[in-house]
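Colleague: Sequence and computational prediction follow.
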Amino acid sequence: LASNTLVATSAQLRAALTDETGTGAAVFAGSPALTGTPTAPTAAQGTNTTQVATTEFANATAAAQAVLYAGPWVQNVTALMADTALTYSAGQPGTVAAGQIVRTRAEGFAYEVAASGATDHHVITAGGVKLYVDMRSLIDLRMFNINGSGDETSKVKKAFAAFPAGAWVKCQDVVTVSDTCTVAAEGVSLYGSGGFIQTGTAKKTVNFALGGCSIDGLSFVGKGTEHNGASTFYNDVAGVFFATPVDCRAERLRMSNHAGGAIRWSAGAQRLKINNNVITGIGAAGGIASGDNGGDAAIGTNSSIASTNVEVSYNTISGHCFGTRISQCDTYKAIGNVIFDIPGQHGMYLSTCNDVIISDNTIFDCSHEGIKNQLATDGFVSDGLIITNNRVWGCGVNGITAVALDTTTGSSFTRVTISDNIIGPNVYLP
């Protein structure tokens with residue numbers, strides 16, 4: 001039997017289809033051009049998928065946003081915190097509800113009203129309205145009512161715990177705290193012309209818990225009383241501390257009066273940069289005597305866990321027990337630093353490091369060696385050391401010990417270059 005192939009026209013298909021809706025030609029294209037007034041189900045508010053959005057959905061979304069952004073305006077943050085007109089009570093001129101937005105005219109800050117029973121709010125008005133800081137763009141510490149007035153430890157702690165990952169946070173005021181304040185999120189950048197004064201004993205003023213963080217341009221003042229001679233060994237003092245020092249940096253900071261580390265980090269640093277900071281310690285007048293040990297290093301770590309790719313460059317350091325103290329580091333650069341008036345120990349101290357470049361530094365008036373590289377582990381072979389173009393004077397016994405390489409049993413240095421340094425007891429800047 002011969003097979004027959006039937007070819008239907010569009011008109012015949014339309015006549016054959018009995019359960020279609022709408023009018024017009026049947027469409028089989030991948031991107032149909034619809035005519036007339038096609039309809040579709042309206043998605044629930046908040047839906048974020050590739051399904052079709054109807055005009056009803058779009059209008060409802062716009063109306064919800066209009067309600068959110070039609071909230072009250074207050075003159076500034078100070079007025080907002082003192083406000084008693086805003087209220088959760090219904091039927092009042094200042095009635096607000098959870099989710100509504102409150103704004104300040106002077107600063108342009110935005111806050112979302114929290115539920116009256118919320119416990120995770122960021123600030124609260126004098127009238128008892130709880131608010132969340134809008135942190136969807138640049139964040140200013142003033143949003144949290146942090147303004148340099150009195151001890152603001154609790155407010156700083158709440159703000160630091162609230163920052164989202166990757167936040168940029170501006171600090172415009174000099175803020176007093178009395179405890180360690182921990183930035184909990186990853187990738188937070190803290191910057192500005194303000195700073196912090198620490199009044200607590202043995203605290204880490206700004207403690208970054210996770211990696212990817214940076215701090216730039218701020219000032220820090222330590223309490224200055226924690227140094228305890230040779231018995232103090234890396235106490236808890238730090239202006240800035242990186243607990244997870246991976247892809248972190250501290251730059252252009254102004255730091256003074258820390259009787260302990262100004263900038264410190266814990267084990268396992270990777271791609272860490274400490275550059276262009278000015279750090280002044282408590283000095284001999286603050287109790288540092290010759291021979292006092294590592295509780296007071298301006299920049300450094302004493303970790304026994306290896307670090308990689310650490311750079312400490314173009315810093316100006318004075319008045320600390322050590323200028324810099326670096327341990328267990330592969331690939332370390334110290335370039336262009338000025339280190340002087342180090343009454344306790346060394347200008348630069350390295351312990352058990354590889355691939356080191358120390359170049360173009362000026363180091364003078366140190367109780368011990370200007371630059372000391374020590375292999376503290378028996379049998380350790382340090383591979384790669386360049387010490388060049390440095391100016392070192394007035395360091396060590398009788399002011400004549402500029403550079404020292406110190407080994408233990410079976411340890412050694414390989415690929416060492418020490419060249420073009422200016423060394424002497426009486427060398428002065430031109």
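Modeller: All right, it came through fine. Residues are numbered from 1 along each chain as shown.
Colleague: what about Lys155, which SS state?
Modeller: helix (DSSP: H, G, I helix; E, B strand; the rest coil).
Colleague: Check Ala285 too.
Modeller: Looking at Ala285 with three-state DSSP, the answer is helix.
Colleague: neighbours around it, how many?
Modeller: Neighbourhood size, Ala285 [other C-beta atoms under 10 Å]: 8. All C-beta spots, glycine's among them, are computed from the backbone N, C-alpha and C.
Colleague: Look up how far Ile299 lies from it.
Modeller: Between Ala285 and Ile299 the computed distance is 21 Å (C-beta to C-beta, to the nearest Å).
Colleague: burial of Gly30, as a residue count?
Modeller: For Gly30, the count of nearby residues is 4 (other C-beta under 10 Å).
Colleague: typo on my end, Leu375
Modeller: Leu375: 22 neighbours (other C-beta under 10 Å).
Colleague: cool, Ser149 as well?
Modeller: 11.
Colleague: low-confidence ranges in the stretch 101-250 of the chain?
Modeller: When residues are selected by pLDDT under 70, those of the stretch 101-250 of the chain lie in 230-234.
Colleague: show me where it has helices.
Modeller: With helices called from DSSP state H, counting those that start in this stretch, the stretch 101-250 of the chain shows them at 153-162.
Colleague: What are the buried residues along the strand or helix carrying Ala334?
Modeller: Using DSSP states H and E, Ala334 falls within strand 329-335. Going by neighbour count (16 or more other C-beta atoms under 10 Å), the buried part of strand 329-335 is 329, 331-335.
Colleague: which residues are in contact with it?
Modeller: Contacts with strand 329-335, where a contact means C-beta atoms under 8 Å, 6 or more residues apart in numbering, come from 269, 306-314, 324, 326, 348, 350, 353-361.
Colleague: now do 6 Å
Modeller: 307-313, 326, 353-360 (C-beta atoms under 6 Å, 6 or more residues apart in numbering).
Colleague: Which members of the residues you listed occur in strands, if any?
Modeller: 307-313, 326, 354-359 (DSSP state E).
Colleague: Pull the number of nearby residues for the closest residue to Gly261 other than its chain neighbours.
Modeller: Once flanking residues are discounted, Gly261 sits nearest to Ala238: 4.6 Å by C-beta to C-beta, 6 or more residues apart in numbering. The tally of other residues near Ala238 (other C-beta under 10 Å) stands at 26.
Colleague: how much space between Ala238 and Asn59?
Modeller: From Ala238 to Asn59 the distance is 55 Å (C-beta to C-beta).
Colleague: Can you list the helices and strands that the helix or strand hosting Ile339 packs against?
Modeller: Under the criterion of DSSP H and E, Ile339 resides in strand 338-342. Applying 3 or more C-beta pairs under 6 Å, 6 or more residues apart in numbering; DSSP states H and E, one finds that strand 338-342 contacts strand 316-318, strand 362-366.
Colleague: any idea of the mean pLDDT in the strand holding Ala334?
Modeller: Strand 329-335 shows a mean pLDDT of 96.
Colleague: Would you point out which residue is most central in the chain?
Modeller: In the chain, the residue lying closest to the centroid (C-alpha atoms, centre = their mean) is Cys213, at 3.1 Å.
Colleague: hang on, that one packs against Cys248?
Modeller: Yes. Using C-beta atoms under 6 Å, Cys213 makes contact with Cys248 at a distance of 5.2 Å.
Colleague: count of neighbours near Ile386?
Modeller: Neighbours around Ile386, by other C-beta under 10 Å: 16.
Colleague: Now it, what are its backbone angles?
Modeller: phi -120, psi 120 (degrees, to the nearest 10).
Colleague: show me the contacts for it.
Modeller: Counted by C-beta under 6 Å, 6+ apart, Ile386 has contacts 357, 417.
Colleague: try 8 Å this time
Modeller: So Ile386 contacts 356-359, 416-418 (C-beta under 8 Å, 6+ apart).
Colleague: do the same with Thr180
Modeller: Taking C-beta under 8 Å, 6+ apart, one finds 200, 203-205, 207, 236 in contact with Thr180.
Colleague: and it, how far is that from Ala209?
Modeller: 11 Å.
Colleague: Likewise for Ala159?
Modeller: 14 Å.
Colleague: Looking at those two, which is more packed in?
Modeller: Comparing Ala159 with Ala209 by other C-beta under 10 Å, the one with more neighbours is Ala159, at 23 against 17.
Colleague: Give me the nearest residue to the more buried one, chain neighbours excluded.
Modeller: The nearest residue in space to Ala159 (C-beta to C-beta, 6+ apart) is Phe144, at 4.1 Å.
Colleague: and Asn59, helix, strand or coil?
Modeller: Assignment for Asn59 (three-state DSSP): helix.
Colleague: so Leu131 bridges to which residues?
Modeller: With DSSP bridges applied, Leu131 shows beta-bridge pairing to Val113, Val123.
Colleague: Touching, it and Ala115? I think so.
Modeller: No. Here Leu131 does not reach Ala115: they are 11.1 Å apart, not a contact under C-beta atoms under 8 Å.
Colleague: Compare these two and say which is more crowded by neighbours.
Modeller: Remark: of Leu131 and Ala115, Leu131 carries more neighbours, 25 against 13, as counted by other C-beta under 10 Å.
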